[in-house]
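Novice: Sequence first, then the predicted structure, then my questions.
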Amino acid sequence: MSLIVQKFGGSSVSDAEGIKRVARRIIDTKAAGNDVVVVVSAMGDTTDDLLDLAAQLTTNAPAREMDMLLSAGERISMALLAMAIDELGEQAASFTGSQAGLITDASHGMARIMEVSPQRVHRAIERGYIAIVAGFQGMSKETKNITTMGRGGSDTTAVALAAALDADVCEIYTDVDGIYTADPRVVSSAQKIEKISSEEMLEMAASGSKILHLRCVEYARRFGVPLHVRSSFSTHEGTWVIPDPDDKITIQEGEPMEQPIISGVAHDHSEAKVTVIGVPDIPGKAAQIFGVIAAAQANIDMIVQNISTQGSGKTDISFTLPMTEGKRVLDALNTAKGEIGFEELEYNEEVGKLSLVGAGMRSNPGVSFTFFEALHQAGINVDMISTSEIRISVVTDADKLNDAVRAIHTAFNLDAEVEATVYGGTGR
């Protein structure tokens, strides 16, 4: 008997019919002789609707109360799913994040998991029940308050439970048949990836791929949890994310052993670019700037420093960050303007990030040429560049991003002969 943790996103449980379909899927897994633990997200656009309601009441909601509000969406889903399973003749028990033993730090809206103690989930499994857990939420060990985990919280909840329960696999269900070489909503000829290393998946997630969140992949790799990304709308085999970084991707017969293995193209519309103009070009100023940003609890992605347009002895520092953190960072930097000594800030939300991900890229110089030549031929201007051993990322204008994705996907021969199937929803 295997223990399987299954996670269903908001698009899979967006309405009553979706919940019934998911319930039947779970019961089929149970009937095959498996113990099953399910993590569920809020229905459809529930979280966005709750945020809109709060915005109609206040522009400065207390963080504690916002977490109390947003955690309600997953509690609704878990209870309805348990009812649907019961109606179909199986026994299910639903648990909030805190009841399931998800213990976090005290950071509201972006809580990190400190420990997982799923005793009540264990007992439910031993009694033959299907355990349904609300994703995205936990309880602070310090304050005993309900917390939410931010973006990717339900994926991370599922992986954390799988690790704590020593599950055989964590299945992440979405509305496409797996992980593709690009977003099939943008590139209809994208190919499904059968197997991908956790290292490559980390780069794709960090670069904007929507199927798996970065935190989820990091957690799975750290604790050796195999991930199977598949559709809740079909029974097709999905994509396996292999946690062991030493696992090898299969090379087809006749292919050079050291050729770059391109996994796919990821893109992200959710980032903004900040430029700190006229920074004194002396040691320690960059540390001051990023110290202020760290104190504001913001996450920085790409960073570029260059000669300032404001004259000698000055420099400009540009970086990208999530749009949701933009105002917080601008406020913090403006507060520290006198101490740092910069001249002004520029903020631009009309940017997008594109990343090419694959193994062996740095040791194959032709990859960079093909990448930038494809952008040139498509008329795409590059604003920022960042590279790693298995990734090339660029920032460009937001209105050119989808064209850039299609150009790069075609340039690296990733197009399939048939269109990818998208069942509906957002891809999570």
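Specialist: Yep, that arrived. Residues are numbered from 1 along each chain as shown.
Novice: can we go C-alpha only for contacts and neighbour counts from here?
Specialist: Fine.
Novice: Kindly list the longest helix within this protein.
Specialist: With DSSP state H setting the assignment, residue counts place helix 63-87 as the longest helix in the chain.
Novice: what's the spacing between the helix or strand hosting residue 56 and its chain's center?
Specialist: Secondary structure from DSSP states H and E places residue 56 in helix 46-57. Relative to its parent chain, helix 46-57 has a centroid offset of 22 Å by Cα atoms, centre = their mean, to the nearest Å.
Novice: who's in contact with it?
Specialist: Residues external to helix 46-57 that are found in contact with it (Cα atoms under 8 Å, 6 or more residues apart in numbering): 61, 66, 69-70, 73.
Novice: got JSON lines for these, with distance to residue 192 too?
Specialist: Written out in JSON lines, the entries for the contacts of helix 46-57 read as follows (distance: Cα to Cα, whole Å):
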{"residue": "61", "distance to residue 192": "42"}
{"residue": "66", "distance to residue 192": "38"}
{"residue": "69", "distance to residue 192": "37"}
{"residue": "70", "distance to residue 192": "33"}
{"residue": "73", "distance to residue 192": "31"}
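Novice: Give me the buried subset of those residues.
Specialist: By neighbour count, with 16 or more other Cα atoms under 10 Å, the contacts of helix 46-57 hold 66, 69-70, 73 as buried.
Novice: circling back: let's see the helix or strand just after the longest helix of the chain as CSV, backbone CA atoms only.
Specialist: Scanning the chain past helix 63-87 towards its C-terminal end, the next helix or strand to appear is strand 92-95 (assignment: DSSP H and E). Presented in CSV, the C-alpha positions along strand 92-95 are these (Å, rounded to 0.1, in the frame of the first residue of the first chain):
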residue,chain,number,x,y,z
ALA,A,92,-13.2,11.8,4.7
ALA,A,93,-12.1,14.2,7.5
SER,A,94,-11.1,17.8,6.8
PHE,A,95,-8.4,19.7,8.7
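Novice: Each with direction, which strands does strand 92-95 pair with?
Specialist: Within its sheet, strand 92-95 is paired with strand 130-134 (parallel), according to DSSP bridges.
Novice: quick one, the strand it pairs with and helix 63-87 angle?
Specialist: Comparing the axes of strand 130-134 and helix 63-87 via axes from the mean of the first three to the mean of the last three Cα atoms, to 10 degrees yields an angle of 160 degrees.
Novice: Report all helices and strands that the worst-scoring helix or strand of the chain on mean pLDDT contacts.
Specialist: Evaluated with mean pLDDT, DSSP states H and E, the helix-and-strand set of the chain has its lowest mean pLDDT in helix 198-206, which scores a mean of 79. Using 3 or more Cα pairs under 8 Å, 6 or more residues apart in numbering; DSSP states H and E as the contact criterion, the secondary-structure elements in contact with helix 198-206 are helix 214-223, strand 239-242, strand 261-268, strand 351-359.
Novice: Residues contacting that helix, please?
Specialist: Applying Cα under 8 Å, 6+ apart, the contact partners of helix 198-206 are 211-214, 217-218, 221, 241-245, 263-266, 355, 357-359, 390-391.
Novice: Now a ChimeraX select for only the buried ones of the residues you listed.
Specialist: Selection of the buried residues among the contacts of helix 198-206 in ChimeraX, burial being defined by 16+ other Cα under 10 Å:
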select :211,212,213,214,217,218,221,241,242,243,244,263,264,265,266,355,357,358,359,390,391
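Novice: May I have stretch 49-56 exported as PDB, CA atoms only?
Specialist: Coordinates of each C-alpha in stretch 49-56 appear next as PDB, following Å, rounded to 0.1, in the frame of the first residue of the first chain:
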ATOM      1  CA  ASP A  49     -12.700  38.100  -4.300                       C
ATOM      2  CA  LEU A  50     -11.800  38.200  -0.600                       C
ATOM      3  CA  LEU A  51      -9.000  40.700  -1.300                       C
ATOM      4  CA  ASP A  52     -11.400  42.900  -3.300                       C
ATOM      5  CA  LEU A  53     -13.900  42.800  -0.400                       C
ATOM      6  CA  ALA A  54     -11.200  43.900   2.000                       C
ATOM      7  CA  ALA A  55     -10.100  46.700  -0.300                       C
ATOM      8  CA  GLN A  56     -13.600  48.100  -0.300                       C
END
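Novice: so for that stretch, what's the average pLDDT?
Specialist: Per-region confidence: stretch 49-56 scores 94 on mean pLDDT.
Novice: Could you shift the numbering so residue one becomes 51, and keep it that way?
Specialist: Yep, numbering from 51; the last one is stretch 99-106 now.
Novice: Can you point out the buried residues in that stretch?
Specialist: Of the residues in stretch 99-106, those buried by neighbour count under the rule 16+ other Cα under 10 Å are 100, 104.
Novice: same deal with stretch 197-208?
Specialist: When neighbours are counted by 16+ other Cα under 10 Å, the buried residues of stretch 197-208 are found to be 197-199, 202-208.
Novice: now it: how far from the chain's centre is it?
Specialist: What separates the centre of stretch 197-208 from the centre of its chain is 10 Å, taken as Cα atoms, centre = their mean.
Novice: For that stretch, the averaged confidence score.
Specialist: Per-residue pLDDT values over stretch 197-208 give a mean of 89.
Novice: Contacts for it next, please.
Specialist: For stretch 197-208, with Cα under 8 Å, 6+ apart as the criterion, the contacting residues are 55-57, 59, 88-91, 114, 117-118, 120-121, 152, 154, 156-162, 184-190, 220, 222, 262-266, 269.
Novice: what stretches of the stretch 201-350 of the chain score poorly on pLDDT?
Specialist: For the stretch 201-350 of the chain, the stretches flagged by pLDDT under 70 are 256-260, 294-311.
Novice: What ranges does it have for its helices?
Specialist: 203-214, 248-256, 264-273, 335-345 (DSSP state H, counting those that start in this stretch).
Novice: Name the stretch among those helices that sits most buried.
Specialist: The highest mean neighbour count among those, using mean count of other Cα atoms under 10 Å, belongs to helix 203-214: a mean of 26.
Novice: Okay, angle between that one and helix 113-137 too, please.
Specialist: 70 degrees.
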